[in-house]
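Asks: Turn this into a model:
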Amino acid sequence: MLYYMLYYANNMAEGNSMGKSQNQARENVSRYRDKMRTQGFRPIQIWVPDTRSPTFAEECRRQSLLISNDAAEESVLGELDAAARDIEDWK
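Replies: From the prediction side, this is the model:
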């Protein structure tokens, strides 16, 4: 909030309206997107789990407890470790 207030105050002191700076930002984003499209990219939106959420941590713990000391889990982890050894610089 403080950043916004200082930004607003600086723009007003320089005689800029917030609309002008918002339009400039919009134009910059538009140019950037056009540039990326000409390079063969397309914009997409990806939804991912919020790893900062307390419910995410709780669910991770719940699932971890479900598979802890499971023979199948030990087998899978062993296979993953073996596969990872084939990857250069894997630690």
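
Asks: Neighbours of residue 33, how many?
Replies: By the measure other C-beta atoms under 10 Å, the count of residues near residue 33 is 13. Yep, even glycine has a C-beta here, placed from its N, CA and C like the rest.

Asks: Test my guess that it contacts residue 43.
Replies: Yes. Here residue 33 reaches residue 43: they are 6.4 Å apart, a contact under C-beta atoms under 8 Å.

Asks: distance between the longest helix along the chain and the chain's centre?
Replies: Taking DSSP state H as the assignment, the helix of the chain that covers the most residues is helix 18-38. Relative to the centre of its chain, helix 18-38 is centred 21 Å away, using C-alpha atoms, centre = their mean, to the nearest Å.

Asks: contacts for stretch 28-36?
Replies: Outside stretch 28-36, the residues within contact range by C-beta atoms under 8 Å, 6 or more residues apart in numbering are residue 43.

Asks: With just CA atoms, put it into PDB.
Replies: C-alpha atoms of stretch 28-36 as PDB (Å, rounded to 0.1, in the frame of the first residue of the first chain):
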ATOM      1  CA  ASN A  28       4.200  -2.000 -22.900                       C
ATOM      2  CA  VAL A  29       2.400  -5.300 -22.100                       C
ATOM      3  CA  SER A  30       0.800  -5.300 -25.600                       C
ATOM      4  CA  ARG A  31       4.100  -4.700 -27.300                       C
ATOM      5  CA  TYR A  32       5.700  -7.500 -25.300                       C
ATOM      6  CA  ARG A  33       2.900  -9.900 -26.100                       C
ATOM      7  CA  ASP A  34       3.100  -9.000 -29.800                       C
ATOM      8  CA  LYS A  35       6.900  -9.600 -29.700                       C
ATOM      9  CA  MET A  36       6.500 -13.000 -28.100                       C
END
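
Asks: Thanks a lot, catch you later.
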